[in-house]
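Trainee: Coordinates for the following, if possible.
(chains A, B, C and D)
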Protein chains: 2
Amino acid sequence: MLKHTLIFGAVAGLLIACLKFIEYRWLVVAHSVEIYGALVAAVFAAVGIWLGLKLTREKVVVKEVQAPAEFIRDDAKVAELGLTPRELEMLVLIALGLSNKEIADKVFVSENTVKTHLARIFDKLGAKRRTQAVERGRALRLIP
Amino acid sequence: MLKHTLIFGAVAGLLIACLKFIEYRWLVVAHSVEIYGALVAAVFAAVGIWLGLKLTREKVVVKEVQAPAEFIRDDAKVAELGLTPRELEMLVLIALGLSNKEIADKVFVSENTVKTHLARIFDKLGAKRRTQAVERGRALRLIP
DNA sequence: ATTCGCGTCACCCGAAAGGATGATTTTGCC
DNA sequence: GGCAAAATCATCCTTTCGGGTGACGCGAAT
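Mentor: I've put the predicted structure just below:
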């Protein structure tokens, strides 16, 4: 803002000087005052419009959008916790509400295997129950 | 836009006429041209700025930002499912990963009461497990 | 070649969760 | 006061979960 004003002042001074110079060179004819005035008016009007545009170009309307907020896994935290891909997969499945048996059938392993995976997940996440593991998983952005 | 331009022209003409009039009245002194030019410059600069403001007043930049996306419970669905306030409360507690015992202690009821509440929740949500109830609750926007 | 991480599976046992059912109390409402 | 919904608690029984432990195969890294 201040910068713009200063530029405006400088430009104005320069223009006046130029016009003054021109006036005494070859515009010393009849009605030179009118021509001079019109020129000054036109130039300053243009500069003024430009200034006005400059001053108001910052106008911004902040529009809040309910974004789909797609899930982005915090891989850094996954690594930090030492969660293996398989464990992460199991975590997602329990978050979907599947039982150990259902998970076992879905990924073609025994229910015992699922249980050991879950036991390690609980250990790494510090969870006592599967629901708590899901909650922590969500809070840590490990699962959607 | 056209209207503004016309107004601008009219004002400009009027001002020029006024200045012309004034010029031959009492500004016929030494350096009158400089004073005249300065006046015209000032007036037209002002008008130009005003015009620029007018022209750009509608110019807005829509900046989309990520909304906080706070949770809004779908009360319609709550009513539709016939979930009571107490049941809803229990649902959020199991979503937080609490055990039946912990919930009982937290809300000062017996564990049996919690279990009956949960049984009804499972029935109303069509869930077989607490994890599934949580998942459904989230999907239906009943809980955060 | 050995180690290590990962995934796999098994068994035992106790704890937690869930299903079914019945009963009592509280509360809001006509 | 009486009714209906909600909330409360209980008991019995079955299923599921979770903890603990041990073990095996495989592939990558050392």
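Trainee: For the rest of this, base every contact and every neighbour count on C-alpha atoms.
Mentor: Noted.
Trainee: quick one: the strands in chain A?
Mentor: A:60-65 (DSSP state E).
Trainee: Poorly predicted segments of it, please.
Mentor: Within chain A, the segments meeting pLDDT under 70 span A:1-68.
Trainee: What parts of it come near DNA strand C?
Mentor: Proximity of chain A to DNA strand C, by Cα under 7 Å from any atom of the strand, involves residues A:82-87, A:108-113, A:116-117, A:129.
Trainee: same thing but 6 Å
Mentor: Counting by Cα under 6 Å from any atom of the strand, chain A comes close to DNA strand C at A:84-87, A:109-110, A:112-113, A:116-117.
Trainee: any chance of the residues you listed in CSV, plus distance to DNA strand D and neighbour count?
Mentor: Rendered in CSV, the data for the residues of chain A next to DNA strand C read as follows (distance: Cα to the nearest atom of the strand, whole Å; neighbours: other Cα atoms under 10 Å in any protein chain shown):
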residue, distance to DNA strand D, neighbour count
A:Thr84, 13, 14
A:Pro85, 14, 10
A:Arg86, 12, 12
A:Glu87, 13, 18
A:Val109, 13, 12
A:Ser110, 12, 13
A:Asn112, 7, 12
A:Thr113, 8, 12
A:Thr116, 6, 12
A:His117, 9, 19
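Trainee: What is the nearest of these to B:Pro144?
Mentor: Of all the residues of chain A next to DNA strand C, the one with the least separation from B:Pro144 (Cα to Cα) is A:Glu87, at 24.6 Å.
Trainee: how close does the residue lying closest to the closest one once chain neighbours are set aside sit to A:Val92?
Mentor: Counting by Cα to Cα, 6 or more residues apart in numbering or on different chains, A:Glu87 lies nearest to A:His117, which is 5.9 Å off, once chain neighbours are set aside. Distance of A:His117 to A:Val92, given as Cα to Cα, to the nearest Å: 12 Å.
Trainee: One more: A:Arg141?
Mentor: A:Arg141 is 11 Å from A:Val92, by Cα to Cα.
Trainee: ok so, going back, just give me the closest of the residues of chain A next to DNA strand C to B:Glu70.
Mentor: Nearest to B:Glu70 out of the residues of chain A next to DNA strand C is A:Glu87 (Cα to Cα; 30.0 Å).
Trainee: I'd assumed A:Thr116 was in contact with that closest one.
Mentor: No: using Cα atoms under 8 Å, A:Glu87 is not in contact with A:Thr116, being 9.6 Å away.
Trainee: Show me where chain A has its helices.
Mentor: Remark: helices assigned in chain A by DSSP state H are A:2-23, A:32-56, A:75-81, A:85-95, A:100-107, A:111-125, A:130-139.
Trainee: List the contacts of A:Leu81.
Mentor: A:124-125 (Cα atoms under 8 Å, 6 or more residues apart in numbering or on different chains).
Trainee: ugh, wrong one, A:Lys124
Mentor: A:81-83.
Trainee: A:Met90 too?
Mentor: A:103, A:114, A:117-118.
Trainee: One more: A:Gly97?
Mentor: Applying Cα under 8 Å, 6+ apart to A:Gly97 gives the contacts B:129-135.
Trainee: Skipping its backbone neighbours, what lies nearest the residue of chain A found nearest DNA strand D in space?
Mentor: Residue nearest to DNA strand D within chain A: A:Ser99 (3.1 Å; Cα to the nearest atom of the strand). Closest residue in space to A:Ser99, ignoring its immediate chain neighbours: B:Arg129 at 7.7 Å, by Cα to Cα, 6+ apart.
Trainee: Ramachandran angles for the one you found?
Mentor: Here is the backbone geometry of B:Arg129 (degrees, to the nearest 10): phi -130, psi 160.
Trainee: domain assignment for chain A?
Mentor: Chain A resolves into domains spanning A:2-58, A:75-139 when parsed by automatic domain parsing.
Trainee: Around DNA strand D, pick out the residues from chain A.
Mentor: Applying Cα under 6 Å from any atom of the strand, we find that chain A lies next to DNA strand D at A:99-101, A:116, A:119, A:122, A:128-130.
Trainee: Could you say which of these is surrounded by the most neighbours?
Mentor: Greatest neighbour count in these, by other Cα atoms under 10 Å in any protein chain shown, goes to A:Arg130: 21 neighbours.
Trainee: so it touches A:Asp123, yeah?
Mentor: No: assessed by Cα under 8 Å, A:Arg130 is found out of contact with A:Asp123, at 11.1 Å.
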